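Enquirer: A predicted structure for the sequence below; I have some questions about it.
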Number of protein chains: 2
Amino acid sequence: MSFAFEVIARDESCKARLGTIYTDHGAVETPAFLPVATQGTVKGLTPEEVAVAGYSLLCVNTYHLYLRPGYELIREKGGLARFMGWSRALLSDSGGFQAFSLARIRRIDDEGITFRSHIDGSSHLLTPELSMLVQGSLSTDIAMVLDECTPYPATEQEATRSLELSLRWAARCKETAKPEQAVFGIVQGGVYPQLRKISLEGTCELDFDGYALGGLAVGETEEEREGIVAEFSPQLPEDRPRYLMGIGRPEDMLFAVSAGIDIFDCVLPTRCGRNALLFTASGPINIRNARFREDDSPPDEGCSCPVCTRFSRAYLRHLFLSKEMLAPRLASLHNLYFYADLMSAIRAAISEGMLASFGKVFLEKYHSEDEEIKLEECSDEG
Amino acid sequence: MSFAFEVIARDESCKARLGTIYTDHGAVETPAFLPVATQGTVKGLTPEEVAVAGYSLLCVNTYHLYLRPGYELIREKGGLARFMGWSRALLSDSGGFQAFSLARIRRIDDEGITFRSHIDGSSHLLTPELSMLVQGSLSTDIAMVLDECTPYPATEQEATRSLELSLRWAARCKETAKPEQAVFGIVQGGVYPQLRKISLEGTCELDFDGYALGGLAVGETEEEREGIVAEFSPQLPEDRPRYLMGIGRPEDMLFAVSAGIDIFDCVLPTRCGRNALLFTASGPINIRNARFREDDSPPDEGCSCPVCTRFSRAYLRHLFLSKEMLAPRLASLHNLYFYADLMSAIRAAISEGMLASFGKVFLEKYHSEDEEIKLEECSDEG
């Protein structure tokens, strides 16, 4: 394994860092956004399109791939990257989050998570060791430890029990990890700063290749989330990548980058795209809206992606209203370009020490669309 | 309008011709297969992908586009090709066939077809004049006359009444056509040779830019269809393109090319693709089949398309079983390459006077797959 992380520059106006993650499958410039390839495909797009859009690291879901097509098959096919035709780097989650959110849980104890598959109801026991075995079979560059995503709300006592369980599981993951895979630890502790502190110290003691803040975006208020991100991102080890899981919206990422976060994953750009929500410099728009009926302009004025340079808002609206497959495909692709361009602009701003002013200008324009769109409410799958 | 047709070579072993159709939007080598872009998009694929696959002429559906987004909007946007981002040639049908097959018909009389929209139940009267107005607004290179697709079975009396109505409509279409659009006539007459003869003579008298055999693939037996195609294709004017509408399967096209047909349109490659049926040199396969679970080979051994060079049967099967959007997209694209490659091989064979032996070798291999697949039963939309 040739995993390494290097901080290249810092923005003195905040805690933001410019960096590079080195993997056996290429380098990843940070801050980076990771598109999600849940079942071994970024929904609707080819690996080539995603790579050309500027991505070098994807997030894949161990829970889904464990259930279908199964890790033995993927191992036999030489790992997930080869199976899906992706030649760059991959990060796998542990499977825990989806077991909690999609499956029917039957028991959680020290041994692991006993759940029923959301596909066929079959019963499974996901242990830290099995999670590492599956992630090892996927041959991802980065594996995540199995943790319990502390629910929200949780009492301090519940959150304590939960983080302690996660720490014991983290140690077992560390022990069973394949030497050729980087492993990231995950800091839990809910919305309790004193518990986050305990989890952070316990996780760092295990000496992982990178560290994530987990258990956020599960229902807590924006204020609570931002409080945790602002306080604990800078406390994660300086010389390792810092990962904010399952987040986010452009404004969330800007905030977290300023606090020192390096990588993000989120289904938002692709899920929104499938639901006719397009990101633009002046904010998200719902392209089904009647006001776009005769609109000749590209989805996002000024965007140079393959969608904006070829198709009009009026045509995209027609595709969505006609329930054409090309609609979610084009919208997802544009949104991924929007995210890639945003991260690229963020990196440029950091290297010039201008992140604060970049963020201010970006958000001012980004909040100028009149239409009120709640991205969080956009949902079509787990 | 710079529409023209040139026969470049003939295969002496049969009636097949090699030709070129010239349009204001480029040349089309014939025999040619036309992918169907029903609602202004070849389902799931970008115009660029379809062009790169080797297509220079698409078939679009007037009925669908008339109902949604409406011809006034498309006219205002500079025609359908510009609206959908297609820079090559287009052929539009008259709207009649879908009015018969999708809508609820209320009345057919000399004036036209009164029907209710399958989308919102609204009532419409499609006249020959309106069909030409709509096709003119789409600005397609080739427009088809409005005809009544004679149902099967029909008595000789019914078929006679129907073809006479179609002839009267054809004359009105010819009169109202935009000078910059080529117009093709359509020969009806059901399965009655004597009626086909009358329809052919009446249609040719009107002097169209090209001629189609219509009213086939509507339930008649293969023998009846082949009888009509074999007898009447060669009787269509030598110096105009000959179009067999709504057909077909590779074996159907081989047969019809041998009888002198130049162009085809059919939803088969894309509709089959969406339903997990892949065309291969040894016949169609259903990629969901368990026997492909671990199959590392490309969908079609020897195919050099972007799907076969990048993805395995095992991966495509996984995508279909996981209901991933990428699955129908990739399968449709491969199938369009299969059809483009077949037409290209057919053209090469004609130019060498080898169509008969090419067809024999192709079909022998094409019928070698064990699995029995009925392509006609594959259906997901109108």
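Expert: In hand now; what should we look at? Numbering: from 1, shown residues only, chains lettered A, B, ... in the order given.
Enquirer: other SSEs contacting the longest helix seen in chain A?
Expert: Identified as the longest helix of chain A according to DSSP state H is helix A:326-351. With contacts taken as 3 or more Cβ pairs under 8 Å, 6 or more residues apart in numbering or on different chains; DSSP states H and E, helix A:326-351 sits against strand A:4-10, strand A:17-23, strand A:32-34, helix A:250-258, helix A:268-274, strand A:277-278, helix A:313-321, helix A:355-366. For the C-beta atoms, the positions are set from N, CA and C on the backbone; glycine is no exception.
Enquirer: Name the residues of the longest one that come out as buried.
Expert: Translated: helix A:355-366. By neighbour count on 16 or more other Cβ atoms under 10 Å in any protein chain shown, the buried set for helix A:355-366 is A:355-356, A:358-359, A:362, A:366.
Enquirer: pLDDT score assigned to the closest residue to chain B within the stretch 251-382 of chain A?
Expert: Nearest residue of the stretch 251-382 of chain A to chain B, counting by Cβ to the nearest Cβ: A:Met325, 4.0 Å away. We have a pLDDT of 97 for A:Met325.
Enquirer: How many residues are close by it?
Expert: A:Met325: 20 surrounding residues under other Cβ atoms under 10 Å in any protein chain shown.
Enquirer: That one against B:Pro328, yeah?
Expert: Yes - counting by Cβ atoms under 8 Å, A:Met325 touches B:Pro328, with 6.5 Å between them.
Enquirer: got the residues of the stretch 201-350 of chain A near chain B?
Expert: By the rule Cβ under 8 Å from any Cβ of the partner chain, the part of the stretch 201-350 of chain A lying against chain B is A:274, A:293-294, A:296, A:310-312, A:314-315, A:318-319, A:321-322, A:324-326, A:328-330.
Enquirer: What subset of these is buried?
Expert: Burial by neighbour count, judged by 16+ other Cβ under 10 Å, picks out A:274, A:311-312, A:314-315, A:318-319, A:321-322, A:324-326, A:328-330 from these.
Enquirer: what are the phi and psi angles of the residue of the stretch 251-382 of chain A closest to chain B?
Expert: phi -60, psi -30 (degrees, to the nearest 10).
Enquirer: out of everything not next to it in sequence, what's closest to it?
Expert: Nearest non-adjacent residue to A:Met325, counting by Cβ to Cβ, 6 or more residues apart in numbering or on different chains: B:Gly44, 4.0 Å away.
Enquirer: swap in A:Ser131?
Expert: Counting by Cβ to Cβ, 6+ apart, the residue nearest A:Ser131 is A:Leu146, at 4.2 Å.
Enquirer: And A:Cys266, by the same measure?
Expert: In space, and not counting its chain neighbours, A:Cys266 is closest to A:Gly248: 5.4 Å by Cβ to Cβ, 6+ apart.
Enquirer: give me the number of residues near the one you found?
Expert: 23.
Enquirer: Tell me the secondary structure of it, please.
Expert: Counting by DSSP: H, G, I helix; E, B strand; the rest coil, the backbone at A:Gly248 sits in coil.
Enquirer: can I assume it is in contact with A:Ala256?
Expert: Yes - the pair A:Gly248 / A:Ala256 is scored as a contact, 7.2 Å apart, by Cβ under 8 Å.
Enquirer: residue closest to the middle of chain A?
Expert: Of all residues in chain A, the one closest to the mean position by Cα atoms, centre = their mean is A:Asp265, 1.1 Å from it.
Enquirer: Just read off the phi/psi values of that residue.
Expert: Backbone torsions of A:Asp265, given as degrees, to the nearest 10, read phi -130, psi 150.
Enquirer: That one is in contact with A:Cys59, isn't it?
Expert: Yes - A:Asp265 lies in contact with A:Cys59 (Cβ under 8 Å); the separation is 3.9 Å.
Enquirer: where do the contact lists of those two overlap?
Expert: A:34-36, A:91 (Cβ atoms under 8 Å, 6 or more residues apart in numbering or on different chains).
Enquirer: hmm, who's touching stretch A:340-350?
Expert: A:9-11, A:16-18, A:29-33, A:53-55, A:250, A:253-254, A:257, A:303, A:305, A:355, A:357-359, A:362.
Enquirer: Show me chain A divided up by domain.
Expert: Chain A breaks down into these domains under automatic domain parsing: A:4-266, A:272-377.
Enquirer: okay, the ones you listed in CSV with distance to B:Leu342 next?
Expert: What follows is the domains of chain A, written out as CSV (distance: least, Cβ to Cβ, whole Å):
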stretch, distance to B:Leu342
domain A:4-266, 24
domain A:272-377, 24
